[in-house]
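S.K.: Compute the structure for the input listed below.
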Amino acid sequence: MKLHELRDNDGATKKRTRVGRGPGSGKGKTGGRGIKGQKSRSGVAIKGYEGGQMPLYQRLPKRGFNKPNRKKFAVINLGLIQKFVDAGTLDAKAIITEDLLVETGVVRRKLDGIRVLAKGEVSAKLNIEVTGASKSAVEAVEKAGGSLKVAAAAAAE
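M.R.: Numbering: from 1, shown residues only. Alright, predicted model coming up:
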């Protein structure tokens, strides 16, 4: 068998009915829609209509809520900070602030603040000042001999 000999099995494909193509086609004039009435007109969507009964999409409960004034934090893992310290981009002796993290390219932008999470290992003694941090991140930094200060604004989170 060659590539040009490939074809569908008999009866596998069926030609589309072209509606409204003259009386000889059997689907001319009204195009299978009947005469008059709402369904014969264009631009009608009555699929969701259930004869006056409350439609299913209205009976089902709507779940979830998105707080319009929620805070969006830039998230950073401790392992990434350690990687930048090892590479020499961040100075472990200096206080690591949010502005410094943005400046060195560890985080792209601050958003409503930076939140530190505990993924990864920390070996350097770091002094970090950020908007938010997880408890495990604070413990990990303090275990390595450093300190992680969280700003008062995010503490009420």
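
S.K.: can we go C-alpha only for contacts and neighbour counts from here?
M.R.: OK.

S.K.: Look up how far residue 67 lies from residue 111.
M.R.: In this view, residue 111 and residue 67 are 16 Å apart by C-alpha to C-alpha, to the nearest Å.

S.K.: ok, the two, which is more surrounded?
M.R.: Summary of the neighbour comparison: residue 111 and residue 67, criterion other C-alpha atoms under 10 Å, with residue 111 having more neighbours (11 against 7).

S.K.: for the chain, which spans come out with low pLDDT?
M.R.: 152-157 (pLDDT under 70).

S.K.: for it, what spans make up the strands?
M.R.: Per DSSP state E, the chain carries strands over the ranges 74-77, 95-96, 114-117, 127-130, 132-133, 147-150.

S.K.: Using JSON lines, please lay out these together with mean neighbour count.
M.R.: Written out in JSON lines, the entries for those read as follows (neighbours: other C-alpha atoms under 10 Å):
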{"stretch": "strand 74-77", "mean neighbour count": "16"}
{"stretch": "strand 95-96", "mean neighbour count": "16"}
{"stretch": "strand 114-117", "mean neighbour count": "23"}
{"stretch": "strand 127-130", "mean neighbour count": "19"}
{"stretch": "strand 132-133", "mean neighbour count": "24"}
{"stretch": "strand 147-150", "mean neighbour count": "18"}
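
S.K.: Many thanks, have a good one.
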